[in-house]
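>>> Compute the structure for the input listed below.
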Amino acid sequence: MRKHLYYGFGIGAIALLGVSAAAAQISLSSTVDLALQNSTQVRIAAADVQRATAGLSEAKDVYIPNLVTGSSLGPPSIGFPLGQPSIFNVESQSLVYSFSQPDYIRASHAALKSAQLNLKDNQDQVVLDCALAYIQLDTDNREILSLNEEKIAAENLVRIEHDRLNAGIDSRMDVTKAEITSAQVDIKRLHTEDDASDQQQKLAHLTGLPAASFIPKPASIPPAPDFTGDDALADQAVTSNAGVQAAYANAKSKLEISFGDEKQNYRPQFAFGAEYSRFANFENYSEYYQHFSANNFGAAVQVTFPFFDATRRAKARESAAEAHRAQIEAIQAGNQTNEQFVSLRHSLAELKTQQHLAQLQSELAQEQLDAVESELKNGTGSPTAAPVTPKDEQLARIQVQERYQDALNADLSLLRAQLSLMRSIGSIQDWANSAVK
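I've put the predicted structure just below:
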């Protein structure tokens, strides 16, 4: 009865998963799309792109004359007129030429490129986080089903050991060992269920979907590429990584700003200005000025030459130091990415060997179970061989599930390293987009 009860629990769990899958099963690519739309870090990076775009426009628009209008109209003054009695005035100003402005424009271009690359880098990180959580959840679900099967075998083993104890075949120690095995399965299942819940919550935060109803679709996970045998990938990790390229673009922006600040010293600047004012006739300007006119207009080009400005010189030194720091940080980011890629790639051979070993052990455990079942049904075929017992069958079933779980974890470890490598070379979004919708 206990065996049938656990089988019923297992079938019920699978049925519940099937119902949930029909209601909320979602593919990997759809999950990634939702995560990119919902991610706060991606939206922050997108806002930085908008700010950098506006900064570039600001650097260019200093050459476009502005237009300002206003009024300083007041009551008639007593005695000598004070201030400007304009009914309204229109002013226009613009920069004609500055030796520094082209550098500032190039700096804004580089800053925009840095922001765009930083957006791409944040998107890659969100895709990686989303894919890892999605695949981990799928692995947890598979492992939970396997643990349900292992629990059935463990409970059957406990029952058999009690029967063997009552028959005087085994000792009380054998019963305790079987009960320990069953308890270990319970602990592992609770741990796996907690991890699955954590992954669901993480995916809920990434995508905005309800956590409880999130069910992955295993068939939508595409295979990872093989990174062995391509020595150029290490260099590609630096040239294609959006985060590293964003750091270099930021360093270029800082350098151009440094050039511009340096040219603020000892170089002239040309600016244009024009103004029209309509003066009030009721003021007493005509009593003190012989040629008073209500309409007044003036235009000029202003030339300034900074012969000595200690503040600007200090600012230029500060900008040069910031540019030097940004360049070093970019080199550091490139070195770290290269080292990480090489380390991950070197670990692939070991992870693939572990995966192959885990798969072979899983196949061997299944073959041993098949042999035990065959001997239980047909006998050993040798009069001198020890007979196979139902206890051996349950132990073999437990071993099958444990080796299957080891194979699942080996597959996950390998895929995690492969996804991290794709993240390093900037191809993880292409991989995610290749998934089945």
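>>> tell me the contacts of residue 408?
Shown in contact with residue 408 (CB atoms under 8 Å, 6 or more residues apart in numbering): 139, 142, 143, 146. For every residue, glycine as well, the C-beta is placed using N, CA and C.
>>> can we see that at 10 Å?
With contact set as CB atoms under 10 Å, 6 or more residues apart in numbering, residue 408 has these partners: 138, 139, 140, 142, 143, 146, 358, 362.
>>> Just to be sure, which of these are found in strands?
If you go by DSSP state E, the contacts of residue 408 have nothing in strands.
>>> Would you convert those into a markdown table that also reports distance to residue 235?
Conversion of the contacts of residue 408 to a markdown table gives the following (distance: CB to CB, whole Å):
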| residue | distance to residue 235 |
| --- | --- |
| 138 | 34 |
| 139 | 33 |
| 140 | 37 |
| 142 | 37 |
| 143 | 38 |
| 146 | 42 |
| 358 | 33 |
| 362 | 38 |
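>>> Specify which member of the residues you listed is nearest to residue 332.
residue 139 (34.9 Å; CB to CB).
>>> Do I have it right that the closest one meets residue 406?
No. Look at residue 139 against residue 406 with CB atoms under 10 Å: they stay out of range, at 11.9 Å.
>>> Same drill for these two, tell me which one is more crowded.
More crowded of residue 139 and residue 406, by other CB atoms under 10 Å: residue 139, with 22 against 18.
>>> show me the residues around that one that make contact.
Here residue 139 is in contact with 192, 195, 196, 199, 216, 218, 405, 408, 409, 411, 412, 415 (criterion: CB under 10 Å, 6+ apart).
>>> Can you say which of the residues you listed are buried?
Neighbour-count burial (16 or more other CB atoms under 10 Å) is assigned, among those, to 192, 195, 196, 199, 216, 405, 408, 411, 412, 415.
>>> in what helix or strand does residue 293 lie?
If you go by DSSP states H and E, residue 293 is not part of any helix or strand.
>>> For it, give its distance to residue 279.
Residue 293 sits at a distance of 7 Å from residue 279 (criterion: CB to CB, to the nearest Å).
>>> Let's have the contacts of residue 139 in CSV, adding secondary structure.
Below are the contacts of residue 139 laid out as CSV (DSSP: H, G, I helix; E, B strand; the rest coil):
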residue, secondary structure
192, helix
195, helix
196, helix
199, helix
216, strand
218, helix
405, helix
408, helix
409, helix
411, helix
412, helix
415, helix
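>>> Of these, which is the nearest to residue 165?
The closest of those to residue 165 turns out to be residue 405 (CB to CB; 29.1 Å).
>>> neighbours around the nearest residue to residue 27 once chain neighbours are set aside, how many?
With sequence-adjacent residues excluded and distances taken as CB to CB, 6 or more residues apart in numbering, residue 27 is closest to residue 220, at 3.6 Å. Using other CB under 10 Å, the number of residues around residue 220 comes to 18.
>>> Mind giving me the packing neighbours of the longest helix belonging to the chain?
The longest helix of the chain (DSSP state H) is helix 310-378. Judged by 3 or more CB pairs under 10 Å, 6 or more residues apart in numbering; DSSP states H and E, the packing partners of helix 310-378 are helix 101-166, helix 233-239, helix 242-262, helix 390-425.
>>> Give the next helix or strand downstream of the last one.
Yep, that's helix 390-425 we're talking about. helix 428-433.
>>> what's that following helix in contact with?
Residues contacting helix 428-433 (CB under 10 Å, 6+ apart): 28-29, 31-33, 35-36, 120, 123-128, 130-131, 134, 221-225, 242, 418-423.
>>> go again using 8 Å as the cut-off
Residues contacting helix 428-433 (CB under 8 Å, 6+ apart): 28-29, 32, 123-124, 127-128, 130-131, 222, 224-225, 419, 422.
>>> ditto for stretch 165-173
For stretch 165-173, contacts defined as CB under 8 Å, 6+ apart pick out 161, 164, 174, 175.
>>> what about that stretch, start to end distance?
Terminal residues of stretch 165-173 are spaced 9 Å apart (CA to CA, to the nearest Å).
>>> gap between it and the chain center?
What separates the centre of stretch 165-173 from the centre of its chain is 57 Å, taken as CA atoms, centre = their mean, to the nearest Å.
>>> Please spell out which residues along that stretch are buried.
Under the neighbour-count criterion of 16+ other CB under 10 Å, stretch 165-173 has 165, 170 buried.
>>> what's the farthest-apart pair in the contacts of stretch 165-173?
Largest pairwise distance in those, by CB to CB, is 8.3 Å, between 164 and 175.
>>> Any idea how many residues pack against residue 204?
Residue 204: 17 surrounding residues under other CB under 10 Å.
>>> quick check, it in a helix?
Yes. The assignment for residue 204 (three-state DSSP) places it in a helix.
>>> tell me the contacts of it?
Taking CB under 8 Å, 6+ apart as the test, what residue 204 contacts is 210, 211, 214.
>>> Is it possible to get TSV of those residues that adds distance to residue 319 and neighbour count?
Formatted as TSV, the contacts of residue 204 follow (distance: CB to CB, whole Å; neighbours: other CB atoms under 10 Å):
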residue	distance to residue 319	neighbour count
210	50	10
211	48	15
214	49	23
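>>> Out of those residues, list just those in helices.
With DSSP H as the criterion, helices contain none of the contacts of residue 204.
>>> Let me have those in TSV, adding pLDDT as columns.
Below are those laid out as TSV (pLDDT from 0 to 100):
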residue	pLDDT
210	88
211	85
214	83
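>>> which one of those is nearest residue 71?
Among the contacts of residue 204, residue 210 lies closest to residue 71 (CB to CB), at 59.8 Å.
>>> ok, and the closest non-adjacent residue to that closest one?
Going by CB to CB, 6+ apart, residue 210 has residue 204 as its nearest residue, at 6.4 Å.
>>> now do residue 114
By the measure of CB to CB, 6+ apart, the closest residue to residue 114 outside its immediate chain neighbours is residue 249, 3.7 Å from it.
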